[in-house]
Each structure stands twice: as C-alpha cells, then as structure tokens.
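Participant: Starting from these lines, generate the structure:
(chains A and B)
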Amino acid sequence: MRGGATGASDALAIITTPVQTVLARINRATLGVWGTYRDWKNVRAENRRLREEAQRLRVEALRVTETDAENQRLRRLLVLKESLPLETLAGEIIAREWGGWVRSLTVNRGRGDSVARLSAVIAPDGLVGRVVDVRATSSIVQVLTDPASTVGAHIVRTRTPGIVEGEPRGTLRFKYMARDGGGMQVGDLVVTSGLGGLFPGGIPIGRVRSIDDRGAALFSYAQLTPAVDFARIDEVLLLKGGVGRDVTASFKDAS
Amino acid sequence: MRTFLAIAVLGGGVAHATVGSALRVANVAPDIPLIVVVLLALRRGPEFGCGAGFVAGLLQDAATGGLLGVQALTKAVVGFTIGAIGIHLRVSQPLVQVPGLVLLSILEGLARFWLLQLFHFPAPFGELMTYVVLPQALYNGFLGAALVLALAWAERLKEPTAS
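Facilitator: Below you'll find the model as predicted:
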C-alpha cells in the first residue's frame, strides 16, 4: 500500500517539479525585473532631486559671488568715504543713458537728501562727473564722456594744465596749450586741477592713451583712458561742499 | 485708443531704458521710442504719430537729463510726417522699411542737432554724425524692419485659418 503511494507521489512529482521550477524562475525573474524597475525609479527620483539641488546650489553660488562682489565694491567706497576730508553721500545708480547725444547716470539721491546742482560725483577709481539736474528723489549725473562735459585738469607728472572734454564717440580728450605739453608721455595720469570751484583737486580722471601733437597749432590734444569704467559702476559718492580742498591722498593712483 | 497710445509709448520708453543698453552693439544703442513712434504713425496716422512722438520724446528728455522738449519736438514732427506720407508708401516691404527708418533717424538727428545748436551744444557736427547719428540710424533701420516682420508674423498667427 505504502509502496503504491510512494509511486504515485513520485509520478506527481515528475509532473509538478518542472512546473514548480518554471514558476520559481518566473517568480525570481519577475522579482528581479520589479526590483530593477524600483531601483531605476529611485535612481530617477534621486537624479531629479540631485539636479534640483545642483541648480539651487548654482543659484546660491551666483548669489554669493554677486554679494561678495557688491561687498567688495561697497568696502572700497567706504574706504574712500572715510579717507576723504569732505562730507559725502553714497548713492546707487538706477539708470544709464548711453545714446551719444547725452551720457548720463541717474542716482537714487535727490532734493530730499540735500543734493546740490553741480555737485561732484566720484567713485573709488576717480571722477565720474557732476550733478546737472536734481529731482525730488533722484539726480541726473553728467558723465565725463558726455559731449557737453568739460573739466579743468592737469597732468600729475608735468603739471601741464588743460581741459578734459567728452566726445560724441564716448571717449575723453585732454586739450592743452601746445607750448605747455613738452614732456607729456603715454600713461601719464590726469587729475582734476581744482580750479573753477566745481571739483576738488587731485581726483583721477584718466591716463594718456595717445598724444595728438598738432605742430604749430595753439592747442594740442591727448586721448585719455578714463579712470572709471562708467558702464560698470553701480555705486558713487556725491560730494557735499569742500570743493577747494585737494584730495590727492585719498586716491592711491593719484599720488 | 488712449490706453493703446499710453501702453505703446510707455512700453517703448521702458524698453529703451531696460533693453536698450543690452542691445548695444559697439557702443551704438537703437532709439527704440523712435521706432515705436514710426510704427504707430504708419498704422494710426499723422495725429496719432504726432502725439506718440511728443509723449515719447518728452519722456526721453526727462529721463536722460537732456534739454527738455527737444526730442519731444523732433519725434512729434517725425511721427506726423511719416503718418502723413506713410499712406503713399509700400511700407510692408523691408526694402522700404530699412532705408525709410534710416533716413528718418538721420533727419531726426539733423533736426535735433539744429535745435541743440540754438542752445550752444558743443559737439562737432561731423563727429556726431559719424559716431552717433549714422550708426544709430542703421541700427534703427534693421531693428525696425525686424519688428515689422515680427508684428506681421504675430498677426498672421492670430488670424483664424480658413478651412
């Protein structure tokens, strides 16, 4: 009886074992595929999360760089403000006009901040221009490169006096009496003369880039590279009085 | 009508103040308000062009610290003139648009220089024409033509397709 049962069991096993094997393989394969799918899904989610994190960190890094640059600019402005023997007011540039007819900057300081017309406007690198229009909360600054801008100046090394004029193409030129321009060289620094009562003396304007010697003509000209990059400055100092003083010591390039 | 005028002119002014410096090529920036005034005058006629030119010019004068009223006058005249003669021109052709805008920009520059001369504007005429007026006029011409083409394309997209 027992031997018959074993035989039946064996016969059944012969049929079920391959089926079980196949089922087990299918089960393993299915679980494997499912596991791979889940891993892939997790990896995808993690990839997305990491991408977002990288994006956020990139923005953060940009913000930090921008803040750092602003910090450095403001620090330089503060150093200049503290070293100047004059009362000054810091302002932020909120608009620029670069059309050629007029070259001006709009500063967020106006009548409410006691800004006076024709006040000198400076940056850590040198002279920016003068206030030509004062409004309630803003002022228009005529930049040195404006075609209508003229500033009394002299060459530091030779003391050659002259006038710095703006040109329509956005450049600066130094106009001087030919007989005074003897020893002038490319690279010489030009600073405000302090004459005329508008600007303190000793503020850097630019460096001589080329000399246009006009022979027997009364005046000669020198092209200047401006000390200040007018297109890039964001903060300036507006001077409040004390125009008769010499501020050469406050600008390291001017001495 | 008034709302459209205000939006167009203020939009041109805002574009000039914001995008204008970004569109600068070799130190030359386009006069976006002038282009807007010309486009408005061509579509709406001389009175509208004159009004738009006056407002746009006045805003530019006030914003830049220039002599108040000079651009208001020159742009108003340009707006009126182009509005009046625009109906006789085939302004949909780029071959008319580019030289037309260049010519108008030069004329506006000449009128502005002449007006400023009355107030002893010191810039020499030759330098101003070479470095400011002519490059800007060329830029205005191409940018204006591109704007006209973009507007025409946008209008074609808006039209319902005939089935």
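Participant: after the lowest-mean-pLDDT helix or strand in chain B, next one along is what?
Facilitator: When the helices and strands of chain B are scored by mean pLDDT, DSSP states H and E, helix B:2-22 comes last with a mean of 64. Next in sequence after helix B:2-22, counting helices and strands by DSSP states H and E, comes helix B:32-44.
Participant: And the closest residue to B:T74 other than its chain neighbours, how close does it get to chain A?
Facilitator: With Cβ to Cβ, 6 or more residues apart in numbering or on different chains as the criterion, B:T74 has its nearest non-adjacent residue at 4.5 Å, and that residue is B:A111. Every residue, glycine included, has its C-beta placed from N, CA and C. For B:A111, the distance to chain A (Cβ to the nearest Cβ, to the nearest Å) stands at 12 Å.
Participant: for A:G162, what are its contacts?
Facilitator: A:G162 sits next to A:A153, A:H154, A:I155, A:F174, A:K175, A:Y176, A:M177, A:D180, A:G181, A:V190 when contact means Cβ atoms under 8 Å, 6 or more residues apart in numbering or on different chains.
Participant: Buried ones among those?
Facilitator: A:A153, A:H154, A:I155, A:F174, A:Y176, A:D180, A:G181, A:V190 (16 or more other Cβ atoms under 10 Å in any protein chain shown).
Participant: Need the worst-confidence member of these.
Facilitator: Minimum pLDDT for the buried ones among the contacts of A:G162 is recorded at A:G181 (67).
Participant: The residue nearest the centre of chain B: what's it in contact with?
Facilitator: Nearest to the mean C-alpha position of chain B, counting by Cα atoms, centre = their mean, stands B:L34 at 1.4 Å. By Cβ under 8 Å, 6+ apart, B:L34 lies in contact with B:A56, B:K75, B:V78, B:L104, B:S105, B:E108, B:N140.
Participant: Before we go further, A:F230 is sitting in a strand, right?
Facilitator: No: according to DSSP: H, G, I helix; E, B strand; the rest coil, A:F230 belongs to no strand; its state is coil.
Participant: Now do it: how many residues are near it, please.
Facilitator: Counted by other Cβ atoms under 10 Å in any protein chain shown, the residues lying close to A:F230 total 21.
Participant: Next, the contact list for the residue lying closest to it once chain neighbours are set aside, please.
Facilitator: With Cβ to Cβ, 6+ apart as the criterion, A:F230 has its nearest non-adjacent residue at 5.2 Å, and that residue is A:V143. Residues near A:V143 by Cβ under 8 Å, 6+ apart: A:R103, A:S104, A:L105, A:V128, A:G129, A:S149, A:G166, A:F230.
Participant: Buried residues, stretch B:103-120. List them.
Facilitator: B:L104, B:S105, B:I106, B:L107, B:E108, B:G109, B:A111, B:R112, B:F113, B:L115, B:L116.
Participant: dump the residue contacts of A:G202.
Facilitator: Counting by Cβ under 8 Å, 6+ apart, A:G202 has contacts A:V191, A:T192, A:G194, A:D246, A:V247, A:T248, A:A249, A:S250, A:F251, A:A254.
Participant: The second one and A:T150 touch, don't they?
Facilitator: No: checked against Cβ atoms under 8 Å, the pair A:T192 and A:T150 is beyond contact range at 11.7 Å.
Participant: Report pLDDT for residue 98.
Facilitator: You didn't pick a chain, so chain A it is. pLDDT, read off for A:W98, is 76.
Participant: if you could check chain B rather than the one you did, that'd help
Facilitator: What the model reports as pLDDT for B:V98 is 77.
Participant: Which strand or helix spans it?
Facilitator: Per DSSP H and E, B:V98 falls inside helix B:94-117.
Participant: so which strand or helix has A:S210?
Facilitator: Judged by DSSP H and E, A:S210 forms part of strand A:204-212.
Participant: name the helices or strands packed onto the very next helix or strand once past that strand?
Facilitator: Using DSSP H and E, the helix or strand that directly follows strand A:204-212 along the chain is strand A:219-226. Judged by 3 or more Cβ pairs under 8 Å, 6 or more residues apart in numbering or on different chains; DSSP states H and E, strand A:219-226 is in contact with strand A:172-177, strand A:204-212.
Participant: Tell me the residues of the stretch 101-250 of chain A that contact chain B?
Facilitator: A:101-102, A:104, A:106, A:132-133, A:140, A:142, A:147-148, A:150, A:165, A:167-170 (Cβ under 8 Å from any Cβ of the partner chain).
Participant: And the residues you listed, which two are furthest apart?
Facilitator: A:D133 and A:R169 (23.9 Å; Cβ to Cβ).
Participant: circling back: closest to B:A29 out of the buried residues of stretch B:103-120?
Facilitator: When the buried residues of stretch B:103-120 are compared for distance to B:A29 (Cβ to Cβ), B:S105 comes out closest, at 12.3 Å.
Participant: Could you pull up the contacting residues of the residue lying closest to the closest one once chain neighbours are set aside?
Facilitator: Among residues not flanking B:S105 along the chain, B:A137 sits closest, at 3.5 Å (Cβ to Cβ, 6+ apart). Neighbouring residues of B:A137 by Cβ under 8 Å, 6+ apart: B:L101, B:V102, B:L103, B:S105, B:I106, B:G109.
Participant: Secondary structure element holding B:A137?
Facilitator: B:A137 belongs to helix B:134-158, assigned by DSSP H and E.
Participant: got the buried residues for that helix?
Facilitator: Buried, per 16+ other Cβ under 10 Å, within helix B:134-158: B:134-141, B:143-145, B:147-148.
Participant: that older thread, between the strand holding A:S210 and strand A:172-177, how many degrees?
Facilitator: Orientation of strand A:204-212 against strand A:172-177 (axes from the mean of the first three to the mean of the last three Cα atoms, to 10 degrees) gives an angle of 70 degrees.
Participant: before we move on, the earlier item: now do the helix holding B:V98: which elements does it pack against?
Facilitator: Right, helix B:94-117 is packed against helix B:32-44, helix B:70-85, helix B:125-128, helix B:134-158 by 3+ Cβ pairs under 8 Å, 6+ apart.
Participant: ok, 10 Å please
Facilitator: helix B:32-44, helix B:46-64, helix B:70-85, helix B:125-128, helix B:134-158 (3 or more Cβ pairs under 10 Å, 6 or more residues apart in numbering or on different chains; DSSP states H and E).
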